[in-house]
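S.K.: Provide a 3D model corresponding to the input given below.
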Amino acid sequence: MRLASVSTVSHTDFYRSVLRALKLAEVEFLIGGTYALARHTGIDRRTKDLDLMIRRRDWPSAAHALRACGIHTRLSFPHWLGKALQGKSQVDIIFSGGNGLTRVDDVWFERAIPARVLGFNVLLTSPEELFWSKAFVMERERYDGADVLHLILARAETLDW
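M.R.: Numbering: from 1, shown residues only. Coordinates of the predicted model:
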């Protein structure tokens, strides 16, 4: 399936195309980032991308499935991040934190939360794993400390500390 030209495909349509391709290929993934944060905290905000969490070993299968559907992929940082790209739309495919400490593993999938996102039945990253992945994002251009605090405020009573 080829996507329409870049100028006619919205970010949301692109995200759906990526989810569809991975679901059809039976590549396991979790929804993370802003979509998961909104579910866990009730804070809904605009996002520049969609974050998917996969195990590192699943990157070749994910990239193959996406390319088979006409979606460009790039392994931006082999130790933690791949991307699906079309025009100005992107999906981050994350298998670890940039520091290598927060690797996505089987436990992330065992703790995942069923949800419906963009018309698909998917699994969300659990609050604990979302907390864990965001706790180490402290860079010059990005800091996720506010997200960590919102997770604590919203989920402190139910977090598996």
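
S.K.: now the strands for this protein?
M.R.: 30-31, 50-53, 72-77, 81-86, 89-94, 113-117, 120-124 (DSSP state E).

S.K.: Turn those strands into JSON lines, including mean pLDDT.
M.R.: Formatted as JSON lines, the strands of the chain follow (pLDDT from 0 to 100):
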{"stretch": "strand 30-31", "mean pLDDT": "98"}
{"stretch": "strand 50-53", "mean pLDDT": "96"}
{"stretch": "strand 72-77", "mean pLDDT": "96"}
{"stretch": "strand 81-86", "mean pLDDT": "96"}
{"stretch": "strand 89-94", "mean pLDDT": "95"}
{"stretch": "strand 113-117", "mean pLDDT": "96"}
{"stretch": "strand 120-124", "mean pLDDT": "97"}
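
S.K.: So for Y15, which of these sits nearest?
M.R.: Nearest of those to Y15, taken as C-beta to C-beta: strand 50-53 at 4.5 Å. Backbone N, C-alpha and C define where each C-beta goes, glycine included.

S.K.: Next, report how far that closest one is displaced from the centre of its chain.
M.R.: 1 Å (C-alpha atoms, centre = their mean, to the nearest Å).

S.K.: so which of the strands of the chain comes closest to V148?
M.R.: Going by C-beta to C-beta, the one of the strands of the chain nearest V148 is strand 50-53, 15.4 Å.

S.K.: Other residues contacting the closest one?
M.R.: Strand 50-53 is contacted from outside by 15, 18, 22, 29-36, 91-95, 104, 108, 125, 129, 133, using C-beta atoms under 8 Å, 6 or more residues apart in numbering.

S.K.: And these, which of them are buried?
M.R.: Buried by 16 or more other C-beta atoms under 10 Å: 15, 18, 22, 29-36, 91-95, 104, 108, 125, 129, 133, out of those.

S.K.: Out of those residues, list just those in helices.
M.R.: 15, 18, 22, 33-36, 108, 129, 133 (DSSP state H).

S.K.: For L85, state which of those is nearest.
M.R.: Nearest to L85 among those, with distances taken as C-beta to C-beta, is V18, at 10.0 Å.

S.K.: Just to check, the closest one is in contact with L85?
M.R.: No. Using C-beta atoms under 8 Å as the test, V18 is too far from L85 to be in contact (10.0 Å).

S.K.: how much distance is there from the lowest-mean-pLDDT helix or strand in the chain to the middle of the chain?
M.R.: In the chain, the helix or strand scored least confidently by mean pLDDT, DSSP states H and E is helix 145-155, which has a mean of 82. Put simply, helix 145-155 sits 18 Å off its chain's centre (C-alpha atoms, centre = their mean).
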